[in-house]
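Visitor: Show me how the following folds:
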Amino acid sequence: MVNKWLIINTLSNERIITRTLRDLRIDTSTINAGNLSVTARCHLGVNMDDLLIKCYISRDTNRKQIYGCMLFKEELAVFSPSGNVEYIDISISRWVEGEVLSTFLDKPNSNFAELSRRFDILGYSLLQDELVHCDIKPENIVVNLDGSMSLIDNDAWWNEDWSSPERHELGTYGYRAITSEKYTPAHYLKDYPIALISIILAALSWEYDTVRPLIHNEILFNPGNDRRFHKAMESIKGVFKRAGDDIHYAICEIITPRGIDGQQLMKRMHDSVYMRTSFERSTGFGPIYDL
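Guide: Residues are numbered from 1 along each chain as shown. Now for the predicted structure:
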């Protein structure tokens, strides 16, 4: 394990030493440190496409399954103040340009009707995918420049067929059922956050002032408190009832702090994508499979 501040210092230097990659250039203004890695926008050689470099603080056997040939083991040289060098693992993937969904929740003038439509398209496609993102939350969803949405944090992807050790991601508290544990099937982990984010965005599009306090006070993100959570859900259902939004009202009915019936969620998300009625303020499109 290497200190993340040494990685930040390495990426900030003009000269970067790698084992196999050539002419790696870092956009130092985008360097960001997380708990397990340091990321930045980068470019390779004459290729002008924006790429994401992820520099890992520790090693993990699952990353090869996720990144394939874009994982470079012991690639980046990290120097300590004493002059010692350690080569750490990095991955390269596409850079997603846009703004994370969480930033829109605090803006009353956000187009929540469009955000709701776009997320339901993404959510329905994710429900059908065998590859599961185990940490779906607004901070990991980028609203692209064209309005579509993309999931980030590739390390959270998982497939049950991988012959790998147990996964590390169980989702972020508030966006996972309280019964989630390491033995919970991965495909169950995506149901709860998809349903929760779907109703939040739809409800904000109808009555922002009613719904915003439930988010600000984190009442919707505390499934461990049954009474307050139930009261918040009843408030959300009231918003949909007044708006005549039967589709999202139906999604509310299957959300419990302990999990969601995935088969029912699939049908109701299908209805949201393909069977929007006259109450909707924009026309829906089919799912976008760009994961």
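Visitor: Low-confidence bits of the protein, can you list those?
Guide: Scanning the chain for pLDDT under 70 picks out 47, 163-168, 276-291.
Visitor: could you show me where the helices are in it, in order?
Guide: 4-12, 63-67, 112-128, 186-189, 191-206, 208-216, 226-243, 246-252, 262-274 (DSSP state H).
Visitor: List the contacts of D23.
Guide: The neighbours of D23, taking Cβ atoms under 8 Å, 6 or more residues apart in numbering as the test, are 44-46. Every residue, glycine included, has its C-beta placed from N, CA and C.
Visitor: Most neighbours among the residues you listed, which one is it?
Guide: Using other Cβ atoms under 10 Å as the neighbour criterion, L44 leads these with 15 neighbours.
Visitor: what is that one paired to in the beta sheet?
Guide: Beta-bridge partners for L44, by DSSP bridges, are L24, N47.
Visitor: Next, the contact list for it, please.
Guide: Contacts for L44 (Cβ under 8 Å, 6+ apart) come out as 21-25, 51, 92.
Visitor: what about 10 Å?
Guide: 21-25, 51, 53, 92 (Cβ atoms under 10 Å, 6 or more residues apart in numbering).
Visitor: Among those residues, the buried ones, what's the ChimeraX command?
Guide: Burial among the contacts of L44 is assessed by 16 or more other Cβ atoms under 10 Å; the matching ChimeraX selection reads:
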select :21,24,51,53,92
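Visitor: Point out the most buried one among the helices of the chain.
Guide: Ranked by mean neighbour count under mean count of other Cβ atoms under 10 Å, those are led by helix 191-206, which reaches a mean of 25.
Visitor: hang on, the earlier thing: can you tell me which of the contacts of L44 is closest to Y274?
Guide: Nearest to Y274, judged by Cβ to Cβ, of the contacts of L44 is L51 at 35.1 Å.
Visitor: Test my guess that that closest one contacts T30.
Guide: No. Between L51 and T30 there is no contact under Cβ atoms under 10 Å: 11.1 Å.
Visitor: residues shared between the contacts of these two?
Guide: Common neighbours of L51 and T30, using Cβ under 10 Å, 6+ apart, are 40-42, 95.
Visitor: Next, format those as a markdown table and append distance to S180 and neighbour count.
Guide: Below are those laid out as a markdown table (distance: Cβ to Cβ, whole Å; neighbours: other Cβ atoms under 10 Å):
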| residue | distance to S180 | neighbour count |
| --- | --- | --- |
| A40 | 31 | 22 |
| R41 | 32 | 18 |
| C42 | 34 | 21 |
| W95 | 30 | 18 |
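Visitor: Which members of these are positioned in strands?
Guide: With strands taken from DSSP state E, the overlap with those comprises 40-42.
Visitor: rewinding a little: wait, which of the contacts of D23 is closest to L122?
Guide: L44 (28.5 Å).
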